[in-house]
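S.K.: here is the input, now give the coordinates:
(one chain, ligands or ions: 1)
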Amino acid sequence: MDAIRTVDLTKRYGDLVAVDKENLVVEEGTVFALLGVNGAGKTTTISILTGLTRPTSGDAYLLGKSILADGAWIRERINVAPQQTAVAENLTVRENLELIAGIHGQPRRKAAASAERVLGEFGLAGVARQRAKTLSGGMQRRLSIAMALITDPRILFLDEPTVGLDVFARRELRDVILSLKGKATMLLTTHYLEEVEHLADAVAVMVSGNVVASGTVADLERRSGTDTLEDAFVKLVGGAR
Ligand SMILES: Nc1ncnc2c1ncn2[C@@H]1O[C@H](COP(=O)(O)OP(=O)(O)OP(=O)(O)O)[C@@H](O)[C@H]1O
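M.R.: So this is what the prediction gives:
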């Protein structure tokens with residue numbers, strides 16, 4: 001089954017078309033990267049798919065259900081790690097995890113057990129009692145993703161997960177994402193193309209709200225007659241702007 005399918009998905013803000021008749025297919029269990037220069041429509045796409053923004057027209061199907069008709073069903077099965085880390089700075093790592101599990105309706109004991117599991121899975125056990133504000137940027141981002149995964153979502157949206165991180169923290173996070181491959185479907189946005197080459201099973205390139213190309217990295221390179229994703233990206237985006 002497709003994890004995500006958008007059908008002529010469109011979002012207008014007045015005269016501006018932020019997302020223009022978008023048709024994407026993301027297969028279940030894969031990592032899909034949405035690429036494009038600033039303002040291309042990536043965040044708007046995520047915010048429609050996660051139910052924060054209503055499309056102007058078109059529809060999208062997550063796990064086979066329509067975002068227009070079955071929003072509540074979908075929201076129970078997805079989660080998002082936003083561009084800005086969403087941690088509560090004065091709470092400890094463990095408290096942040098328990099808080100989010102509680103917000104998602106888990107009773108106290110279940111929330112504690114979920115927090116324990118995620119602490120282990122994400123290598124956060126050693127800092128469980130530390131306040132979030134004392135963590136490095138990379139560890140805070142990792143906590144933010146752990147919080148998004150505490151409900152075992154079937155689809156996880158990651159909006160620029162590695163922005164602002166140093167090369168070591170980026171690598172660490174890349175490994176976290178790779179370790180989740182197969183367990184959850186992940187749709188991520190990023191401007192780091194070498195990351196995409198490492199992580200993504202498939203990509204789509206957006207220009208001014210339009211998907212100008214999609215497929216595997218190798219497909220895009222072949223189609224644009226280039227050897228690297230960066231050259232393919234420049235050619236695809238440059239030609240369409
Ligand atoms: N609430 C809004 N009201 C008006 N215009 C908006 C709104 N949200 C987004 N836009 C516009 O829609 C377009 C797409 O924005 P979006 O944030 O989706 O791009 P993006 O590809 O995520 O960019 P970035 O890489 O900078 O995050 C931009 O021109 C943006 O200014």
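S.K.: contacts, neighbours, all on C-alpha from now
M.R.: Noted.
S.K.: give me the residues contacting stretch 38-53.
M.R.: The set of residues external to stretch 38-53 that reach it, using CA atoms under 8 Å, 6 or more residues apart in numbering, is 11, 18-19, 34-36, 54-55, 60, 62, 67, 71, 75, 78-80, 157, 159, 189, 206-210.
S.K.: cool, and stretch 181-198?
M.R.: In contact with stretch 181-198 (CA under 8 Å, 6+ apart) are residues 3, 27-37, 42-43, 153-163, 174, 217, 229-230.
S.K.: just the residues you listed: which are in strands?
M.R.: Among these, the members falling in strands are 3, 27, 31-35, 155-159 (criterion: DSSP state E).
S.K.: any idea which of those is least confident?
M.R.: pLDDT is lowest at residue 159 among these; the value there is 90.
S.K.: didn't it look like it was pressed against residue 35?
M.R.: No: look at residue 159 against residue 35 with CA atoms under 8 Å: they stay out of range, at 10.9 Å.
S.K.: the ligand next: which of the contacts of stretch 38-53 are close?
M.R.: 18, 36 (CA under 6 Å from any ligand atom).
S.K.: just the buried ones from the contacts of stretch 38-53?
M.R.: 11, 18-19, 34-36, 54-55, 60, 62, 67, 71, 75, 78-80, 157, 159, 189, 206-210 (16 or more other CA atoms under 10 Å).
S.K.: just those residues: which are in helices?
M.R.: Among these, DSSP state H puts 71, 75 in helices.
S.K.: about what we covered before: mind giving me TSV with the ones in strands among the contacts of stretch 181-198 and columns for distance to residue 112?
M.R.: Shown next, in TSV, are the ones in strands among the contacts of stretch 181-198 (distance: CA to CA, whole Å):
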residue	distance to residue 112
3	29
27	32
31	29
32	31
33	33
34	34
35	37
155	23
156	22
157	24
158	25
159	27
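S.K.: quick check: the gap between residue 172 and the ligand.
M.R.: Distance, residue 172 to the ligand, using CA to the nearest ligand atom, to the nearest Å: 22 Å.
S.K.: now swap in residue 202 and tell me
M.R.: Distance from residue 202 to the ligand, counting by CA to the nearest ligand atom: 17 Å.
S.K.: before we move on, what about residue 32?
M.R.: Residue 32 sits 15 Å away from the ligand when distances are taken as CA to the nearest ligand atom.
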